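Asks: Provide a 3D model corresponding to the input given below.
(chains A and B)
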Amino acid sequence: MLTDHTAAASSNSSGSLRNRRRQVIPRLEIVLLVVFAAAPIMLADYLTVFVTRVLILAMLALSFDLVWGYSGILSFGQALFFGAAGYGVALLARDLEITSIFVVLPAALAIGLILSFVIGAFVLLGRHPPTTIFVALGTLTGSYVADRLARDWYYLGGQNGIPSIPPMTAGGYVFAEGPVYYYLAFTVLAIVYLVCRFVVRSQFGLALAGVREHEARIAFFGYEAPQLKLIVFSLAGAIAGFAGGLYAFHEGFVWPNMLGTVLSTQIVLYALLGGVGTLIGPVIGVIAIEFAGFWLADSFPKIWPIILGLLLLVVTLFWPNGLIGLVVSEQERVGSFGRPFLPPRRVAAGADDAAA
Amino acid sequence: MPLLEVCGVTKAFGRLMALRGVDLTVGENEFHGLIGPNGSGKSTLLKCVAGAELPTKGTIRFARRDITAEAPAQRARAGLSLKFQITSVLPALTVYDNVLLALQARNPISSLIFSRTRGTLHERVMHVLEQFRLVERSTERAAALSHGQQQWLEIAMALACEPRLLLLDEPTAGMSFEERRVTGELLIALKDRCSLVIVEHDLDFIRSICDRLTVLDQGNVVDCGTVSDIQSSAKVREVYLTRV
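Replies: Numbers count the residues shown, from 1 in each chain, chains lettered A, B, ... in the order given. Below is the predicted model of the structure:
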């Protein structure tokens, strides 16, 4: 006996449609896209330079969201990949006089990718899933060691870092800080964001959700969870490295703080404040913290770090899902990976009898 | 040639011997029940077969291949699928995504990144959901399902991997009488698709679906045979009269 469940399935479809209409994240994405696209037209030059820095740091925050928000890997090593790539391209520019965008940015990406692959292989591969604290401490240690190494190595400039990096070039064109560099960073951020979005909404993203939710369970389906984690960790490292390359040429110098635990922790705070597992949340977190810091440093020059710290504490204590959690439901945050609209179909009778 | 051969498997947790030289064979399309009092080692044996625990001694062969030291993912790829005793669906994901997650597990990573099989797997996801009467709840979070439906979802996920051998640890625990009846029907329908090893306390349920039974007590095999052999076994009666 067959029963027609077309009506029920149709109502399911319209339910999905309603959910889709209520989605907040795409609206936030469009708003931010428009605001960032128009910002240099409305802002003074010094603010354009400041927002360029925010865009690059947003890329770094995205890399953290990819590993923690989507894959459950608590990495305190994103600054290591960021800073190492920054130092790498600074050395290329200083010692080999290579400043071509077509060399230095791929080099920055490669440095981040290789370094994160090596560190990821060390902390993530193994028969048993590594604990969160093991990964956090392993990556934090890497970041700390790199910081100390940079501070004590004369070749890398010691405490002062590498100053006066020549600007990035493309043929005869020089990328000086200002609107041109802004739009370069904006375009790169938009592309990185789309790549991340593509990955986390793909079937691979579903496997990552499985890793995040119950890593031990999905091994019994046949997933090699450590491999999945290593891939996403390396991808995030590559993004952090790319951001490091852009940052080094934007600032014109690199220094040990770019590699260290302070920046690594700051990235975690960006993501926690904005809201992890949404991509847009960490971007909002960077904007909120950097602008708050910018404003507070002017108005309260002596106590601004304390005020900012307290604000962060309040937000993370009372809104564990971050600022984005105030407007985005848990259902939208996790999202779905299958087809959004289920076609009407006929199903076997008796479904309700036992399920009721 | 049997599909699964467990030879002399011993499992010790410190000084506690959970299994003592257990032998078990399961043929193609055979439904095999593991019964015995609490603490007799049924779940431990299932975990050793699936790879959740490594035996202290003994060998496990599956489809003529020694899998004793293999990781769970390798065993799953070889055709073994386990449903845990404690329901472990992924509560934050939708019912549909839980099944898709299980179904796509053997796809290569490059195919997953580019979502190459999302379209082709859709029909199979829907088929599995229909089979387990979950199609109308497919867009809901798994956490929203009743306990019985979560058990069905987990069996559906284990089955979605198209295993050659399905391992079910107390699939009807916490189910109503009606849900148990439907579960029995769903399992019997799998008879020509795969072999089954099932741990269950409901003896009527296990008698209704299994071809052969193995009775365990304190980590030892007490008896093994057809359902009628076991029903008339004096050794089994003694175990159940003295321990249950």
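
Asks: How are the strands of chain B distributed by residue range?
Replies: Applying DSSP state E to chain B gives strands spanning B:4-13, B:16-26, B:31-35, B:57-62, B:65-66, B:80-83, B:165-169, B:195-199, B:212-217, B:220-226.

Asks: Out of these, which one sits most buried?
Replies: strand B:80-83 (a mean of 27; mean count of other Cβ atoms under 10 Å in any protein chain shown). Backbone N, C-alpha and C define where each C-beta goes, glycine included.

Asks: quick one: contacts of it?
Replies: A:220-221, B:46-47, B:49-52, B:62, B:67, B:72, B:154-155, B:157-159, B:161, B:163-169, B:171 (Cβ atoms under 8 Å, 6 or more residues apart in numbering or on different chains).

Asks: Tell me how far that strand lies from the chain's centre.
Replies: Chain-centre distance of strand B:80-83: 5 Å, with Cα atoms, centre = their mean, to the nearest Å.

Asks: quick check: mean pLDDT across that strand?
Replies: Mean per-residue pLDDT for strand B:80-83: 90.

Asks: Just give the strands next to that strand in its sheet, each with its orientation.
Replies: The strands that strand B:80-83 pairs with in its sheet are strand B:165-169 (parallel) (by DSSP bridges).

Asks: Now do the residue sitting furthest away from the middle of chain B against B:Pro37, distance only.
Replies: Of all residues in chain B, B:Phe114 has its C-alpha farthest from the mean position, at 31.8 Å, by Cα atoms, centre = their mean. To B:Pro37, B:Phe114 is 51 Å away according to Cβ to Cβ, to the nearest Å.

Asks: Which parts of the stretch 201-350 of chain A are strands?
Replies: A:346-348 (DSSP state E, counting those that start in this stretch).

Asks: Torsion angles phi and psi at the residue positioned nearest the centre of chain A?
Replies: For chain A, the residue whose C-alpha lies nearest the mean C-alpha position (Cα atoms, centre = their mean) is A:Leu62; its distance is 1.2 Å. Backbone geometry at A:Leu62, expressed as degrees, to the nearest 10, gives phi -60, psi -40.

Asks: quick one: it and A:Val192 touch, right?
Replies: Yes: between A:Leu62 and A:Val192 there is a contact under Cβ atoms under 8 Å: 6.1 Å.

Asks: where do the contact lists of these two overlap?
Replies: Counting by Cβ under 8 Å, 6+ apart, the common neighbours of A:Leu62 and A:Val192 are A:Ile239.

Asks: which residues of chain B score low on pLDDT?
Replies: Counting by pLDDT under 70, chain B shows low-confidence ranges at B:241-244.

Asks: CA atoms of stretch B:169-177 as PDB?
Replies: Taking Å, rounded to 0.1, in the frame of the first residue of the first chain, the C-alpha atoms of stretch B:169-177 are listed here in PDB:
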ATOM      1  CA  ASP B 169      24.700  -3.200  19.400                       C
ATOM      2  CA  GLU B 170      21.200  -3.200  21.000                       C
ATOM      3  CA  PRO B 171      19.400  -1.500  18.200                       C
ATOM      4  CA  THR B 172      16.000  -1.700  20.000                       C
ATOM      5  CA  ALA B 173      17.100  -0.300  23.400                       C
ATOM      6  CA  GLY B 174      14.500   2.200  24.600                       C
ATOM      7  CA  MET B 175      12.100   1.500  21.800                       C
ATOM      8  CA  SER B 176       8.400   1.100  22.100                       C
ATOM      9  CA  PHE B 177       6.800  -2.300  21.200                       C
END
